[in-house]
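Enquirer: From the sequence below, what's the structure:
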Amino acid sequence: MIAESVWRKIKSGSDIRGVATDTAKGEEVTLTNEVIEKISLAFAEWLSKKTKLEYSSITVALGHDSRESALRIKNVIINSLRSLGISVYDCSLTSTPAMFMATSVLSCTASIEITASHHPSDRNGLKFFTADGGLSEEDIDEILEIAQTENEFSLNKEGIVRSVDLMQHYCEKLKGLIKEKINSKKNHTRPLSGLKIVVDAGNGAGGFFVKDVLTPLGANTKGSKFLNPDGKFPNHIPNPEDPNAIKSIVNAVKENGADLGIIFDTDVDRVAFVDSSGREISANKLIALASRMVLEENPGSIIVTDSVTSDYLKEFIEKFGGTQFRYKRGYHNVITMAKTINEKGENCPLAIETSGHAAFKENKFIDDGAYFACKIIAELVKLKEKNQNLEDYLKNFVNAKEKVSIRLPIKADEGNINNAGVKILNSFKNYCSNNKNLVLEQDNIEGVRVTFKFKHQKGWMLLRKSVHDPVLILYAESYIQNNLRSMFKLINPFFAKQSELDISDLKKFF
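Expert: Sure, this is the predicted structure:
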């Protein structure tokens, strides 16, 4: 019997994530064959109830990133679904956004991507899609609840399995997007001729972008790195937020004199960029870039972001005629809010996180790093025709001089973690409200956000609960060099008294 603790561990917001292979730390493998089988059968039952379809009428597309555990997990899922009479499209190595596209291109009932995003090679997970988009956290709760019950399944049927080259369809869509956005009459077949673009795929699933999108359109991609899939990720973590990963793509841009550098995460739903001067475009600057681009097409519209965005980003968006809606951390949260705003009759063309998740209304609000990259590439071509570049596009954006994110594990018993987190957040709010040098942001939706008004200080800080883990995250930005330590001195007395928090990393910061 599978322990109840395993089910709690593998739930990660609107995804499933867990340990898939033996680790150097000796951690328990949570994504065993038995767990995967139960989740697969539970998903089938959930899907049948949602669509009111018999199993024999359901088709599911299945893809995976480059992790070594993917084939084992794929085989378990296929065998489980087939045993119910469900037919499966085996799409092999794919990106997560392509798997969402499968619901329309292959006319299937649902799709699954086997991935743990940017997490280490010993992790893996599942992302589920229907024609409406990714599943919600509540949907995952329902599936896991079904998985934990002793259901009677008739397992004597065999669904059909077909191999499908889904990425061919996906790449045609991306090439068509670039051609449409550039709309060049001079060279419609190779509109990227004369443009030098380097890509770092981090040995994940993103190598296709060079071979099947950029090169056929005429781009010079010499200097691109780590395009071959390798589930051990031998070169660096495939994560656009990781300093070593960013350093890798920055070096590639400088060494090759590229016009643009692109770095994807493992399953290509996140992205960051490097401009021709070797400057990183990520986090707040990435949101500024995307916002200005969509506001030119959608004047006066609303941009939904996550909670850890800077004060100057709000000013930048407003300067170009938009309104920022700062919402909760978590890509599914910002996407859901953007959809809600549109349902109310207001125009919200973009939901975007500082982590690099960007979902466009025109693309059915799926977070798609390659789609975002195509839009930026097309914009860069148009800028170069005016003798401009991305640096000019963002020249008025003010970035933080310093920033830090510190994780503070909650030390309460497992059943009391949430209550302890809420208690600490309320206490922090009271502490800040009684400090004359701190100003609480009243309309903040997630956690406690404060602005520093002390002499010689200019910055902000947010304390919030993690979306996935039993920790509080303390995030701070300063707009003055060498100012973060001074800011932290104002709040250290509070954290020093919190017996239910592990403040080891906060102490290390000093």
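
Enquirer: When you work out contacts or count neighbours from here on, use the C-alpha atoms and nothing else.
Expert: Noted.

Enquirer: buried sites along the helix ranked longest in the chain?
Expert: Longest helix in the chain, counting residues (DSSP state H): helix 33-51. Going by neighbour count (16 or more other CA atoms under 10 Å), the buried part of helix 33-51 is 35-48.

Enquirer: do stretch 314-323 as well
Expert: Those would be 314-318, 321-323, for stretch 314-323 by 16+ other CA under 10 Å.

Enquirer: Kindly report the same for stretch 101-112.
Expert: Neighbour-count burial for stretch 101-112, counted by 16+ other CA under 10 Å, picks out 101-103, 106, 108-112.

Enquirer: again, but for stretch 240-258
Expert: Across stretch 240-258, burial judged by 16+ other CA under 10 Å covers 240-241, 245-246, 248-250, 252-254, 256-258.

Enquirer: Next, name the residue at the spatial heart of this protein.
Expert: Residue closest to the average C-alpha location in the chain (CA atoms, centre = their mean): His357, at 4.0 Å.

Enquirer: quick one on the thing from earlier: now tabulate the buried residues of stretch 240-258 in a markdown table and tack on secondary structure and distance to His169.
Expert: Conversion of those to a markdown table gives the following (DSSP: H, G, I helix; E, B strand; the rest coil; distance: CA to CA, whole Å):
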| residue | secondary structure | distance to His169 |
| --- | --- | --- |
| Pro240 | coil | 26 |
| Glu241 | coil | 29 |
| Ala245 | helix | 29 |
| Ile246 | helix | 30 |
| Ser248 | helix | 30 |
| Ile249 | helix | 28 |
| Val250 | helix | 31 |
| Ala252 | helix | 29 |
| Val253 | helix | 29 |
| Lys254 | helix | 33 |
| Asn256 | helix | 31 |
| Gly257 | coil | 32 |
| Ala258 | coil | 28 |
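
Enquirer: Show me which of these is closest to Phe452.
Expert: Of all these, Glu241 has the smallest distance to Phe452: 25.8 Å, by CA to CA.

Enquirer: The stretch 401-510 of the chain: helices as residue ranges?
Expert: Taking DSSP state H, counting those that start in this stretch, the helices of the stretch 401-510 of the chain run over residues 417-433, 484-495, 504-509.

Enquirer: Okay, angle between the longest one and helix 484-495 too, please.
Expert: This means helix 417-433. If you take axes from the mean of the first three to the mean of the last three CA atoms, to 10 degrees, helix 417-433 sits at 120 degrees to helix 484-495.

Enquirer: for helix 417-433, which positions count as buried?
Expert: In helix 417-433, counting by 16+ other CA under 10 Å, buried: 417, 420-421, 424-425, 428-429, 432.

Enquirer: would CSV of those residues with pLDDT and distance to Leu474 be doable?
Expert: What follows is the buried residues of helix 417-433, written out as CSV (pLDDT from 0 to 100; distance: CA to CA, whole Å):
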residue, pLDDT, distance to Leu474
Ile417, 87, 17
Ala420, 92, 16
Gly421, 93, 13
Ile424, 96, 12
Leu425, 96, 11
Phe428, 96, 11
Lys429, 95, 13
Cys432, 94, 14
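
Enquirer: give the contact list for Trp46.
Expert: Shown in contact with Trp46 (CA atoms under 8 Å, 6 or more residues apart in numbering): 142-143, 146.

Enquirer: Any idea how many residues pack against the residue lying closest to Thr323 once chain neighbours are set aside?
Expert: Nearest residue to Thr323 in three dimensions, chain neighbours excluded: Ile302, at 4.8 Å (CA to CA, 6 or more residues apart in numbering). Using other CA atoms under 10 Å, Ile302 has 26 neighbouring residues.

Enquirer: and what of Lys11?
Expert: For Lys11, the tally of surrounding residues (other CA under 10 Å) stands at 18.

Enquirer: can you check Arg8 too?
Expert: A total of 11 residues lie near Arg8 under the criterion other CA under 10 Å.

Enquirer: So it, which state does it fall into?
Expert: Under DSSP: H, G, I helix; E, B strand; the rest coil, Arg8 falls in the helix class.

Enquirer: what about it, distance to Met167?
Expert: 33 Å (CA to CA, to the nearest Å).

Enquirer: same thing with Asn124?
Expert: Remark: distance between Asn124 and Met167 (CA to CA) = 21 Å.

Enquirer: With Ile424 instead?
Expert: Per CA to CA, Ile424 is found 47 Å from Met167.

Enquirer: same deal with Asp469?
Expert: When CA to CA is the yardstick, Asp469 and Met167 sit 33 Å from each other.

Enquirer: between the two, which one's more packed in?
Expert: Met167 (20 against 14).

Enquirer: can you give me the offset of the helix or strand harbouring the more buried one from its chain's centre?
Expert: Using DSSP states H and E, Met167 sits within helix 166-182. In terms of CA atoms, centre = their mean, to the nearest Å, the centre of helix 166-182 is set 21 Å apart from its chain centre.

Enquirer: and if you look at stretch 218-235?
Expert: Relative to the centre of its chain, stretch 218-235 is centred 20 Å away, using CA atoms, centre = their mean.

Enquirer: same check, this time on stretch 438-450
Expert: 24 Å.

Enquirer: can you check stretch 396-412 too?
Expert: Stretch 396-412 sits 18 Å away from the centroid of its parent chain (CA atoms, centre = their mean).

Enquirer: what's next to it, contact-wise?
Expert: Here stretch 396-412 makes contact (CA under 8 Å, 6+ apart) with 284-285, 288, 310, 312-313, 316, 417, 420-421, 470-484, 500-506.

Enquirer: Between the two ends of it, how far is it?
Expert: Span of stretch 396-412 from end to end, CA to CA: 45 Å.
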